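In: Test case, fold it:
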Amino acid sequence: MRIKNWILFIFVSLFLITGCNNQEDKENIYYLNEKVQDNTFEMVLNDISTTNHFQDVEPENDTYLMLEFKITNLSDEKQTIPIDHHFVLKIDNSNYEDLNHNKDTEIDAKESVMYKVVYDVPEKDFYEIIYNIEQEDGIKFSTK
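Out: Residues are numbered from 1 along each chain as shown. Alright, predicted model coming up:
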């Protein structure tokens, strides 16, 4: 009887530990239409699409991945999204540059902008994009 209790205890402990780790991972990745915010901005991945033409050019890889983000300034003052705070797409240890050539973007107080990024990418089931800011790992979005 004691052995069964220990086995049950170990099984339940492993289940709880594994479940907690999975939940933690899910909380750090945002998906289509999920909001993420801090004291200054709210971001939402609004749209995901692919196309074989962007600015009348065919992709060098398999397709163009186009993402649209809605970014809202939550503060009472005009804010700027600097060019060095940008979206990074990494596939198999290679970084892919935003072809939309976004510049510093100013957002008036309590206003929103649509921010589009475009990547020439190999065909994948899903992609993960990181918005780099002062945070160590940035904010992660997934097209899953």
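In: host element of K103?
Out: Assigned by DSSP states H and E, K103 belongs to neither a helix nor a strand.
In: just checking, it touches I83?
Out: Yes - taking contacts as CB atoms under 8 Å, K103 lies within contact range of I83: 5.9 Å. To be clear about C-beta, it is placed using only N, CA and C from the backbone, and glycine gets the same treatment.
In: So for the closest residue to P82 other than its chain neighbours, what's the pLDDT?
Out: Take P82 and drop its neighbours on the chain: the residue closest to it by CB to CB, 6 or more residues apart in numbering is D104, 5.4 Å away. Note on D104: pLDDT of 89.
In: For the chain, spot the helix or strand the model is least confident about on average.
Out: Using mean pLDDT, DSSP states H and E, helix 2-27 stands out as the lowest-scoring helix or strand of the chain, at a mean of 45.
In: Can you name the element that comes right after that one?
Out: On the C-terminal side of helix 2-27, the closest following helix or strand by DSSP H and E is strand 29-30.
In: And the helix or strand that comes right after that next one, what's buried?
Out: Using DSSP H and E, the helix or strand that follows strand 29-30 in sequence is strand 35-37. If you call a residue buried by 16 or more other CB atoms under 10 Å, then strand 35-37 has these buried ones: V36.
In: That's all I had, so thanks and see you.
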